[in-house]
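J.: okay, sequence plus prediction incoming.
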Amino acid sequence: MSASVFASPRTSSEPMAFTIQEFIRGTAFAWIIFVLGAELAYAVDAATPVPGLVYESFNGLTGEALFWSRVGNSFLFIAPFSFVLACVLAPLGLGVGNGLRRTDNVYVHSAMFLILGAGIGLAWWVLCRFLWVDPMRPFAIGVAIAVALALPTGWNITARIALRRDARRRSLVDAGSIGFVR
């Protein structure tokens, strides 16, 4: 097989370059991680009493049904809304990724995506004031934390997959050039 079959976008001058497919995969991983984190934040928020409101006891079946219906309904809102936001905000991540193509230090990449996620999380947290959501509620804080952690985690998973794939391909090409692969 020729080496062109195993072409990688990463070169010595751009060690962390990526394909559009890898970018979409990273965005998808970050979105999934965010949705799970936001759902966890909503579940904590749903179980947290609000001063001044009367809640049913969560000891009975009615309380559990109320809790799980709130969490399930939140998924129907969080997943599609955050998917649209992920698509709208993806160019920010693409810009960060393109700006870091020449930097091979994974800590720099993780830090930059953490900063981007924290910025988006902070914007959400500030927006909560205008949405009549108490920014100190577990949901508001949890969503901000979820987005801050989802971006670097999604990047990290995708980068590891891509770099591992490159190493595997390189070893196959090297082994083939000295006659070990048929």
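T.: On my side now, so go ahead.

J.: contacts, neighbours, all on C-alpha from now
T.: Noted.

J.: how about low-confidence regions in this structure?
T.: 1-6, 50-69, 173-182 (pLDDT under 70).

J.: can you give me the helices in the chain?
T.: Assigned by DSSP state H, the helices in the chain fall at 20-47, 61-99, 106-130, 138-177.

J.: buried set for the first one?
T.: What that stands for is helix 20-47. By neighbour count on 16 or more other CA atoms under 10 Å, the buried set for helix 20-47 is 22-23, 25-47.

J.: that older thread, of all the helices of the chain, which one is nearest residue 11?
T.: helix 138-177 (10.8 Å; CA to CA).

J.: can you name every helix or strand that that closest one contacts?
T.: The contact analysis (3 or more CA pairs under 8 Å, 6 or more residues apart in numbering; DSSP states H and E) places helix 138-177 against helix 20-47, helix 106-130.

J.: buried residues in that helix, which are they?
T.: Those would be 138-156, 158-159, 162, 166, 169-170, 172-173, for helix 138-177 by 16+ other CA under 10 Å.

J.: just stretch 76-83 next, same as before
T.: Within stretch 76-83, judged by 16+ other CA under 10 Å, the buried ones are 78-79, 82-83.

J.: out of those, which comes closest to residue 126?
T.: Out of the buried residues of stretch 76-83, the member with the shortest distance to residue 126 (by CA to CA) is residue 82, at 16.9 Å.

J.: nearest residue to the most centrally placed residue in the chain in space, please, no chain neighbours.
T.: For the chain, the residue nearest the mean C-alpha position is residue 30 (1.6 Å; CA atoms, centre = their mean). Excluding its sequence neighbours, the residue lying closest to residue 30 (CA to CA, 6 or more residues apart in numbering) is residue 154, at 4.2 Å.
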